[in-house]
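Peer 1: turn this into a structure:
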Amino acid sequence: MSVELPLWRALAAYRVLTMSYAVLLFAFHQERFERPWIAAGFLAVMAGWTLATLPRVLGADRCTKRFLGADLAVALTGILLTPLADAHAQQADGPTLPSIWTAGSVLAFALKGGWRWAGFASSFVAVANIVQRGEPSRDTVHNVLLVWIASIAIGYVVEVARASERTLARALEIEAATRERERLARDIHDSVLQVLAMVQRRGTAIGGEAAELGRMAGEQEIALRALVSSGPVPAARTAADDTAGTARTVLVDEEPGADGGSGDCDLRSLLAHCAGPEVTVAEPGAPVMLPAAAARELAAAVGAALDNVERHAGDGARAWILVEDWSDEVIVTVRDDGPGIPEGRLAQAEGEGRLGVALSIRGRLRELGGSAELISVAGQGAEVELRVPRPAKAPKNQAKAAQSPRGKADER
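Peer 2: Below you'll find the predicted structure:
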């Protein structure tokens, strides 16, 4: 809902209430009017105009410049007719025929166009009041200044509110675009970049014409990494688990929810693809149920961590996956027995456009409201700990996995 809408509704109520006040003021003091028929005629027109144009002041779209001009003309006419209906009003500093209803016209200008429009309308009201009084008395000047300052202040507040609303909308658009870009970048990292890296390594190892193919694949990998880290990227969601090859990502896109109601998925079924000769998976005996989207993203983050193990831990390195199902969260730990991560390597990789940690793991967990932490000791491998909070409505398994030493985790 727009921040202006409550103000327009308040203005509509103000116009009806002040119109009723002006009519009752005349009804209880009509004996003082020398020409009550003038006052009655104007108040009848003002009341009909107020009720007929009520929908006009329920929003900025229907409150046109033509309406604002006509509304202000009605207010000014009422002020200038006051001496004709009540000749003593000039000397007694009594209320004008429209009384405080006039302020509603000025406030409509303020809501529609801001403080400049408010100052314009209130200036006309000030001149009409001075003309009606014949000379600017203290009370007249006081009332004029009050309406003028109040309307300009409200107009300024409206302009600030509009600017804040536009800024918020722009910030939400940027946030949504950034999140979508990160999602696409993760997909590219988990598919195309991994395949290009595999082609480069295999081509270099084979030699001959394959080496040239590997060199070209390496160049394309570098160019694509630069694109992913600096600009919008086109990509399609893919999922492959090649436990025998080098590009390792988990089958997560179209995995059906299993063993749990609509929208739920057993995380164990997604991680089953990760098990192999060099990867050991330890998990609870009962299903580990998570919302399907969260389970797929968590499995994809595990696949990215395993791919880092395969690429950086060296030949013959082993990896272990531990799944722990707690009442309030699910924890997946990926540990390897490789050489560990050199100090500053993660920051260097991110600067080179290698966003496996920043996007494929950390970015996924951040969007799930969880965390991804990494601990690595030189010569003792690395450990990545992925934590995903469990939604309150999700089924909770009572079985818990055996605890294991856990440190801070993130990913490479």
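
Peer 1: for the rest of this, base every contact and every neighbour count on C-alpha atoms.
Peer 2: Will do.

Peer 1: per-residue pLDDT of V302, please?
Peer 2: Reported pLDDT at V302 in the predicted model: 89.

Peer 1: again with the one 4 residues further on
Peer 2: Per-residue confidence (pLDDT) for L306: 86.

Peer 1: host element of it?
Peer 2: Here L306 sits within helix 292-312, counting by DSSP states H and E.

Peer 1: now do that helix: distance to the chain's middle.
Peer 2: 27 Å (CA atoms, centre = their mean, to the nearest Å).

Peer 1: what does stretch 371-379 give?
Peer 2: When distances are taken as CA atoms, centre = their mean, stretch 371-379 is centred 32 Å away from the chain's centroid.

Peer 1: now do the buried residues in it.
Peer 2: For stretch 371-379, the neighbour count (16 or more other CA atoms under 10 Å) marks 371-376 as buried.

Peer 1: next helix or strand past the helix holding L306?
Peer 2: Sequence-wise, the next helix or strand downstream of helix 292-312 (DSSP H and E) is strand 319-325.

Peer 1: tell me what that next one is packed against?
Peer 2: strand 279-282, strand 329-336 (3 or more CA pairs under 8 Å, 6 or more residues apart in numbering; DSSP states H and E).

Peer 1: got the buried residues for the shortest one?
Peer 2: The reference is to strand 279-282. Using 16+ other CA under 10 Å as the test for burial, strand 279-282 gives 279-282.

Peer 1: and that strand, what other elements does it pack with?
Peer 2: Helices and strands touching strand 279-282, as assessed by 3+ CA pairs under 8 Å, 6+ apart, comprise strand 319-325.

Peer 1: ok, back up a step: need the buried residues of stretch 371-379 in CSV with pLDDT and secondary structure, can you?
Peer 2: Output for those, formatted as CSV (pLDDT from 0 to 100; DSSP: H, G, I helix; E, B strand; the rest coil):
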residue, pLDDT, secondary structure
S371, 89, strand
A372, 88, strand
E373, 88, strand
L374, 83, strand
I375, 82, strand
S376, 79, strand
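
Peer 1: return the member of those nearest to C274.
Peer 2: Closest approach to C274 among these (CA to CA): A372, at 18.9 Å.

Peer 1: from what I can see the closest one touches E385, true?
Peer 2: Yes. At 5.7 Å, A372 counts as touching E385 under the criterion of CA atoms under 8 Å.

Peer 1: and the next helix or strand past the helix or strand that contains A217?
Peer 2: According to DSSP H and E, A217 maps onto helix 209-230. Toward the C-terminal end, the helix or strand that comes next after helix 209-230 (DSSP H and E) is strand 264-266.

Peer 1: any idea how far that next one is from the middle of the chain?
Peer 2: Put simply, strand 264-266 sits 28 Å off its chain's centre (CA atoms, centre = their mean).

Peer 1: what's that strand packed up against?
Peer 2: The helices and strands touching strand 264-266, judged by 3+ CA pairs under 8 Å, 6+ apart, are strand 289-291, helix 292-312.

Peer 1: tell me the angle the lengthiest helix in the chain makes with helix 292-312.
Peer 2: Criterion DSSP state H: the longest helix present in the chain is helix 138-188. Using axes from the mean of the first three to the mean of the last three CA atoms, to 10 degrees, the inter-axis angle of helix 138-188 relative to helix 292-312 is 50 degrees.

Peer 1: got the buried residues for the helix or strand following helix 138-188?
Peer 2: The first helix or strand that comes after helix 138-188 along the chain, using DSSP H and E, is helix 194-206. For helix 194-206, a neighbour-count test (16+ other CA under 10 Å) marks 194-204 as buried.

Peer 1: rebuild the residues you listed as a markdown table, extending it with pLDDT.
Peer 2: Converted to a markdown table, these look like this (pLDDT from 0 to 100):
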| residue | pLDDT |
| --- | --- |
| Q194 | 66 |
| V195 | 74 |
| L196 | 73 |
| A197 | 72 |
| M198 | 74 |
| V199 | 78 |
| Q200 | 74 |
| R201 | 77 |
| R202 | 77 |
| G203 | 77 |
| T204 | 79 |
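
Peer 1: nearest to G218 among those?
Peer 2: Taking CA to CA as the measure, G218 lies nearest Q200 of these, at 5.5 Å.

Peer 1: enumerate every residue touching the closest one.
Peer 2: Neighbouring residues of Q200 by CA atoms under 8 Å, 6 or more residues apart in numbering: 211, 213-218.

Peer 1: name the nearest of the buried residues of helix 194-206 relative to I149.
Peer 2: Using CA to CA, those come closest to I149 at Q194, 65.6 Å.

Peer 1: which stretches of this protein have low pLDDT?
Peer 2: Scanning the chain with the threshold set as pLDDT under 70 gives 1-2, 87-93, 136-137, 139-140, 183-191, 193-194, 221-262, 342-359, 392-412.

Peer 1: centroid-nearest residue for it?
Peer 2: Centrality entry for the chain: nearest residue to the mean C-alpha point is L172, 3.6 Å, by CA atoms, centre = their mean.

Peer 1: quickly note the distance from it to T178.
Peer 2: Distance, L172 to T178, using CA to CA, to the nearest Å: 10 Å.

Peer 1: picking that back up, which one of the buried residues of stretch 371-379 sits closest to F42?
Peer 2: S371 (69.7 Å).

Peer 1: partners of the closest one in the sheet?
Peer 2: R387 (DSSP bridges).

Peer 1: ok, it touching P389?
Peer 2: No. Under the criterion of CA under 8 Å, S371 makes no contact with P389, lying 9.1 Å away.
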